[in-house]
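J.: I need the structure of the sequence given here:
(one chain, ligands or ions: 1)
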Amino acid sequence: MIIDTHCHLDIKDYDNLEEVIKNMEGNYMIASGYNLESNKHVIELVNKYDNIFGTIGLHPSDVTEDYESDLLFIESNINNPKIVGVGEIGLDYYWEKDNKELQKEVFIKQIELARKYNKTIVIHSREAILDTYNILDEYLGNNKAVLHCYSSNIEMAKRFKKFNIKFGISGVLTFKNSSKLKEVVKELNLSDLLLETDSPYLTPEPYRGKKNEPSYTKYVAEAIAKIKEVEYEKVLEITTQNAISQFDLNI
Ligand code: NI
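T.: Next up, the predicted model:
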C-alpha cells in the first residue's frame, strides 16, 4: 500500500479526475485544500471516496484581510471524520512578500484551531523557513505537524525534529539538481519521512514536464529506496505507517 500524503485534486486540473483517482485503487490519498472553494471540494471528495482523506486550510497565498469566513468554514467542517488535518497553511515569501504580518497572523490562528481539535497541521513554507520555525516553536506545542514538500537543508531539518513532525518528500527528489534534498533524505531516518506528490505540480522523473498525479508517488518511494539503500517495499511499509500515525488515519 502507498499513501500520497499531499495532493490537490481540483477538477480544473484534470481532464478526467475519476480516472486519476481510479489509478490509486487499493492505495490512499490525502487531498489538500487551500482556499474556500478547494476546501469545499475536498469535503465532497472525502465524502465520496473511501480512499481519500482530506485536510482543509487557508494557504498563505490565498490569505486576504477578511479571512475570518474562511476559518469559520474550516472550523465548522473540522470534525468530519475524513478530515485529518488543517492545511495547507504556512508562510510564502516567494509569491507574497507584502503581507508577511497577515500571513503570520493567519498561520498562528490556524495552528491554534488545529490544537483546539487535536488535528495535524500541514505546513507550506517557501523562503520563510526561519519564521516558520519560530512560529512553531512558540505555538505548536506537542501537536502533530507535517512539513509538506520539504525543501530546506539538513541542518534546518534537524532543528525541526524537536517538534512532533514529519517531512513530506516530493518528486523533486527525482530531479538531477536535488542534491540538497537527497542529503536530507540520506541523513534523516525513514521514520521521519512521508511520501507525497503535490499533484498536479512537481511531477517526478520519468514524467517531468507532464501533469503530476497521485499514482506517481511510487517514483518518490523508488528514489528514497535508492538513496537509503533499502528495499522499495520497506520504504512503502514504513512511510505508510508514518502517515497512518501522523494523521491518525482510520485504515
Ligand atoms: Ni500543495
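J.: ok, residue 38 - how many residues close by?
T.: Residue 38: 23 surrounding residues under other C-beta atoms under 10 Å. (Glycine included, C-beta is placed from N, CA and C.)
J.: Please confirm that it is located within a helix.
T.: Yes - assignment of residue 38 by DSSP: H, G, I helix; E, B strand; the rest coil places it within a helix.
J.: For it, give its distance to residue 8.
T.: Plainly put, residue 38 is 7 Å away from residue 8 if you go by C-beta to C-beta, to the nearest Å.
J.: So what touches stretch 92-105?
T.: Identification of contacts with stretch 92-105 by C-beta atoms under 8 Å, 6 or more residues apart in numbering yields 59-61, 63, 65, 91, 124-128, 131, 135.
J.: Apply 10 Å and report the result again.
T.: With C-beta atoms under 10 Å, 6 or more residues apart in numbering as the test, stretch 92-105 has contacts from 58-65, 67, 89-91, 106, 124-129, 131-132, 134-135.
J.: mind listing which of those residues are in helices?
T.: Using DSSP state H, 106, 129, 131, 132, 134, 135 are the members of the contacts of stretch 92-105 that sit in helices.
J.: which of these tops the neighbour count?
T.: residue 106 leads these on contacts (other C-beta under 10 Å) with 25 neighbours.
J.: Contact partners for that one?
T.: Here residue 106 is in contact with 57-60, 62-64, 67-68, 70-71, 89-91, 99 (criterion: C-beta under 10 Å, 6+ apart).
J.: cutoff 6 Å now
T.: Applying C-beta atoms under 6 Å, 6 or more residues apart in numbering, we find residue 106 in contact with 63, 67.
J.: okay, it: pLDDT?
T.: Residue 106 carries a pLDDT value of 98.
J.: same check, this time on residue 5
T.: Residue 5 is assigned a pLDDT of 98 by the prediction.
J.: Now it, what are its backbone angles?
T.: For residue 5, the backbone dihedrals are phi -80, psi 0 (criterion: degrees, to the nearest 10).
J.: What's the local residue count around it?
T.: Residues near residue 5, counting by other C-beta under 10 Å: 33.
J.: separation between it and residue 49?
T.: Separation of residue 5 from residue 49 (C-beta to C-beta): 16 Å.
J.: what does residue 242 give?
T.: As for residue 242, its distance to residue 49 is 22 Å (criterion: C-beta to C-beta).
J.: These two - which one has more neighbours?
T.: Shown here are residue 242 and residue 49; by other C-beta under 10 Å, residue 242 has more neighbours (22 against 19).
J.: before we move on, which element is the more buried one in?
T.: Take DSSP states H and E as the rule and residue 242 turns out to sit in helix 232-247.
J.: tell me the mean pLDDT for that helix?
T.: 98.
J.: Next, the buried residues of it.
T.: Neighbour-count burial for helix 232-247, with 16 or more other C-beta atoms under 10 Å as criterion, is recorded at 235, 236, 238, 239, 240, 242, 243, 246, 247.
J.: what do you get for stretch 65-84?
T.: Judged by neighbour count using 16+ other C-beta under 10 Å, the buried positions of stretch 65-84 are 67, 70, 71, 73, 74, 77, 78, 82, 83, 84.
J.: Likewise for stretch 52-68?
T.: Residues 52-63, 67 are the ones in stretch 52-68 that count as buried (16+ other C-beta under 10 Å).
J.: Pull the residues that contact it.
T.: In contact with stretch 52-68 (C-beta under 6 Å, 6+ apart) are residues 29-35, 39, 42, 45-46, 70, 74, 82-92, 95-96, 102-103, 106, 110, 122.
J.: Now, the residues you listed that are in helices?
T.: Counting by DSSP H, these contribute 39, 42, 45, 46, 70, 74, 102, 103, 106, 110 to helices.
J.: These into JSON lines, with extra columns for distance to residue 182?
T.: Shown next, in JSON lines, are these (distance: C-beta to C-beta, whole Å):
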{"residue": "39", "distance to residue 182": "34"}
{"residue": "42", "distance to residue 182": "31"}
{"residue": "45", "distance to residue 182": "33"}
{"residue": "46", "distance to residue 182": "33"}
{"residue": "70", "distance to residue 182": "37"}
{"residue": "74", "distance to residue 182": "35"}
{"residue": "102", "distance to residue 182": "35"}
{"residue": "103", "distance to residue 182": "30"}
{"residue": "106", "distance to residue 182": "33"}
{"residue": "110", "distance to residue 182": "31"}
